[in-house]
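S.K.: I'd like to go over a predicted model; first the sequence, then the structure.
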Amino acid sequence: MSTRYFIFRNMTVETLFSKFEADYSGYGDISYIPHEADAYIWTYLAPFRADAQVFEQELDSYIQQLKLILTQIPAQKTIYALKMYPLYFSYTENSNDLITKSIEQYNNSLLELSSAHLNLKTIDFTRFCKKYSQKDLVDWRFYYISQMPVNPKLINDFNVWINREIAAIEGRRKKCLVLDLDNTLWGGILGEDGIENIKIGNTYPGSAFLDFQQNLLELSKRGVILTVCSKNNEEDVFEVWAKNPFLQIKKEQLAAWQINWDNKAGNISKLAQELNIGLDSMVFIDDNPAERELVKQMLPMVEVPDFPEQPYLLPLFFQKICEEYFQIYELTEEDRNKLFQYKANTERISVQKSFISFDDYLKSLEIELDIQKLNSMNLSRIAQMTQKTNQFNLTTKRYTDSDILSFQENGATVYCINVSDRFGDNGITGVAIIETNAQEKTACIDSFLLSCRILGKNIEGTFLREIMSDLKREGIAKITASYIPTSKNMQVACFYENNGFQLVETEEQGVKNYICNL
């Protein structure tokens with residue numbers, strides 16, 4: 001179902017949002033705020049004013065209007081606010097920077113408001129505008145004819161950009177980078193050039209590959225999983241990792257790797273299986289057009305960007321993949337620890353192979369579960385999980401921070417589970433949202449979901465039973481729940497039936513409704 005937006009504006013912006021399902025305010029008009037809108041966008045752009053003091057006063061009035069709107073919009077609905085960029089103005093006095101300072105103050109005020117209101121998310125319009133020259137950014141003919149501040153030639157570019165920004169806020173980004181080695185992470189071919197002669201270091205072209213690896217490491221620190229898929233002799237790669245001092249990405253920085261002479265589509269599938277992630281969450285980077293085409297044909301759900309033909313273009317390529325696949329609005333602690341969590345999961349899989357009894361294997365893990373209720377420290381992660389979890393997700397409902405808070409304010413209980421074992425801490429990897437009616441002694445499970453990396457250890461059943469026990473202690477006598485099928489969550493189609501719930505009905509679209517008496 002598409003999102004219905006209401007856009008507050010001070011100029012003509014309909015062309016910019018032509019691909020959105022949206023309604024618009026009048027120019028500078030906040031008298032009407034439709035509560036049926038799914039989300040709101042605050043698009044107040046820099047006015048064209050010769051008088052800097054008038055400009056400052058006008059921007060201050062915009063902030064006052066936004067403050068008033070924030071008191072009227074429901075806390076569970078998101079409002080996206082574009083930061084301001086000086087689309088056009090001229091200086092007659094070089095030492096007078098009042099206009100610049102006014103814009104800085106306006107943008108700082110947006111940030112302060114977003115700290116106080118969790119449903120206000122800022123979008124940096126500067127990142128879009130700086131891609132273009134002043135001549136390309138504004139067409140004065142359209143400005144004077146229809147108060148259109150941004151050149152209509154940039155409509156498609158803007159729509160792509162703003163959708164990526166909103167996707168980043170909603171946590172919709174790829175999880176994993178699959179990296180080739182030869183002529184991708186270093187220059188040259190390891191099997192032909194040898195350890196000493198591959199190109200990486202302080203002189204070009206090695207310096208470009210060195211910077212590329214360092215940038216990839218920074219991406220890893222922001223929650224992106226790094227893996228390697230390379231046609232090479234594994235022992236040769238291990239040797240270069242051990243001996244070449246310039247390499248930034250080695251075994252320690254990788255969650256998994258497939259280094260052999262098999263076809264890369266098959267190896268990428270193995271990586272997805274090992275990490276227990278979907279192929280549609282992976283991005284494949286390879287300099288070889290033939291390898292890229294193979295993966296495109298055999299694994300169309302994997303993103304395969306074109307690799308630059310020259311090493312000096314790697315910074316622009318890195319910027320492009322970040323913008324297209326890996327933007328995120330706010331990091332959680334789980335994002336920062338993702339590499340360690342996936343490496344630990346790989347160790348668990350390796351250890352499992354040495355056990356004959358699965359029960360003995362589970363005991364050896366020394367699993368510890370910490371079930372928590374919603375608080376300020378776990379709020380962002382809980383919302384993030386609802387937005388990103390697909391496979392073990394009974395209803396696949398997506399929620400923002402403000403949505404989660406709204407559940408709590410309306411009397412629902414929001415649970416999450418932190419899972420750790422002897423290999424490490426997986427962090428918060430499960431969420432349940434339970435709506436209760438104390439008078440009728442009933443509860444309804446709105447959402448129940450777990451990260452795919454903790455599945456297969458009976459954790460999901462334990463989590464559910466603990467929640468049911470908690471509800472029973474609070475006097476709840478009956479629980480209802482639903483399973484809403486998607487293309488990705490078929491594995492949980494019988495989860496409630498397998499955990500003591502009775503199937504009441506199956507609707508036409510395959511939705512199953514359940515009941516359980518406590």
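M.R.: Received, thanks. Note that the structure is a prediction, hence the values are computed from the model and not measured.

S.K.: and for residue 493, the neighbour number?
M.R.: 14 (other Cβ atoms under 10 Å). (Each C-beta comes from the backbone N, C-alpha and C, glycine too.)

S.K.: any idea how far it is from residue 171?
M.R.: Going from residue 493 to residue 171 by Cβ to Cβ, to the nearest Å gives 25 Å.

S.K.: same question for the strand or helix carrying residue 235, mean pLDDT?
M.R.: Element membership for residue 235 (DSSP states H and E) is helix 234-243. Mean pLDDT, helix 234-243: 94.

S.K.: residues contacting it, please?
M.R.: Helix 234-243 has contacts (Cβ atoms under 8 Å, 6 or more residues apart in numbering) with 181, 190, 191, 195, 198, 228, 230, 247, 250, 251, 259, 260.

S.K.: could you say what helices and strands the longest helix anywhere in the chain packs with?
M.R.: Longest helix in the chain by number of residues, with DSSP state H as the criterion: helix 52-72. Judged by 3 or more Cβ pairs under 8 Å, 6 or more residues apart in numbering; DSSP states H and E, helix 52-72 is in contact with strand 39-43, strand 79-82, helix 98-116.

S.K.: what pairs with the first one, parallel or antiparallel?
M.R.: This points to strand 39-43. strand 4-9 (parallel), strand 79-82 (parallel) (DSSP bridges).

S.K.: so how far is the longest helix of the chain off the chain centroid?
M.R.: Using Cα atoms, centre = their mean, to the nearest Å, the mean C-alpha position of helix 52-72 is found 31 Å from that of the whole chain.

S.K.: quick one, it and strand 4-9 angle?
M.R.: Orientation check (axes from the mean of the first three to the mean of the last three Cα atoms, to 10 degrees): helix 52-72 against strand 4-9 gives 150 degrees.

S.K.: mind checking the pLDDT average for helix 52-72?
M.R.: Helix 52-72 comes out at a mean pLDDT of 93.

S.K.: tell me which of the helices and strands packed on helix 52-72 lies nearest to residue 482.
M.R.: Checking these against residue 482 by Cβ to Cβ gives strand 39-43 as the closest, at 24.8 Å.

S.K.: mind listing residues that contact that closest one?
M.R.: 3-10, 13, 16-17, 22, 66, 69, 73, 77-82.

S.K.: CA atoms only: put stretch 174-190 into CSV for me.
M.R.: Only the C-alpha atoms of stretch 174-190 are listed here, as CSV (Å, rounded to 0.1, in the frame of the first residue of the first chain):
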residue,chain,number,x,y,z
LYS,A,174,21.2,-3.6,2.0
LYS,A,175,23.0,-5.7,4.5
CYS,A,176,26.0,-7.2,2.8
LEU,A,177,28.8,-6.4,0.4
VAL,A,178,30.3,-9.3,-1.6
LEU,A,179,33.7,-8.3,-2.8
ASP,A,180,36.0,-9.7,-5.5
LEU,A,181,39.8,-9.4,-4.8
ASP,A,182,41.9,-9.1,-8.0
ASN,A,183,41.6,-5.7,-9.6
THR,A,184,38.8,-4.9,-7.1
LEU,A,185,40.4,-4.7,-3.7
TRP,A,186,43.9,-4.4,-5.1
GLY,A,187,45.4,-3.9,-8.5
GLY,A,188,46.7,-6.8,-10.4
ILE,A,189,46.2,-10.6,-10.3
LEU,A,190,47.5,-12.4,-7.2
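
S.K.: list the contacts of residue 479.
M.R.: 442, 443, 444, 445, 468, 471, 501, 515, 516, 518.

S.K.: that one looks like it's in a helix, true?
M.R.: No. Per DSSP: H, G, I helix; E, B strand; the rest coil, residue 479 lies outside any helix segment and is strand.

S.K.: for residue 470, see how far away it is.
M.R.: 11 Å.

S.K.: likewise for residue 366?
M.R.: 24 Å.

S.K.: got the buried residues for stretch 129-149?
M.R.: 129, 137, 138, 139, 142, 143, 148, 149 (16 or more other Cβ atoms under 10 Å).

S.K.: show me which of these is closest to residue 400.
M.R.: Distances from residue 400 to the buried residues of stretch 129-149, taken as Cβ to Cβ, are shortest for residue 129 (26.5 Å).

S.K.: which residues touch that closest one?
M.R.: Per Cβ under 8 Å, 6+ apart, neighbours of residue 129: 85, 87, 137.

S.K.: host element of the most centrally placed residue in the chain?
M.R.: By Cα atoms, centre = their mean, the chain has its centre lying nearest to residue 171, at 2.7 Å. Using DSSP H and E, residue 171 maps to neither a helix nor a strand.

S.K.: isn't it right up against residue 387?
M.R.: Yes. Under the criterion of Cβ atoms under 8 Å, residue 171 makes contact with residue 387 at 3.9 Å.

S.K.: helices of the stretch 201-350 of the chain, start to end?
M.R.: Along the stretch 201-350 of the chain, counting by DSSP state H, counting those that start in this stretch, helices occupy 206-221, 234-243, 264-275, 289-298, 314-325, 333-336, 338-352.

S.K.: tell me how this protein divides into domains.
M.R.: Under automatic domain parsing, the residue ranges defining each domain of the chain are 4-169, 176-325, 360-517.

S.K.: endpoint to endpoint, the second one covers what distance?
M.R.: Right, the one you point to is domain 176-325. Its start and end residues considered, domain 176-325 measures 10 Å (Cα to Cα, to the nearest Å).
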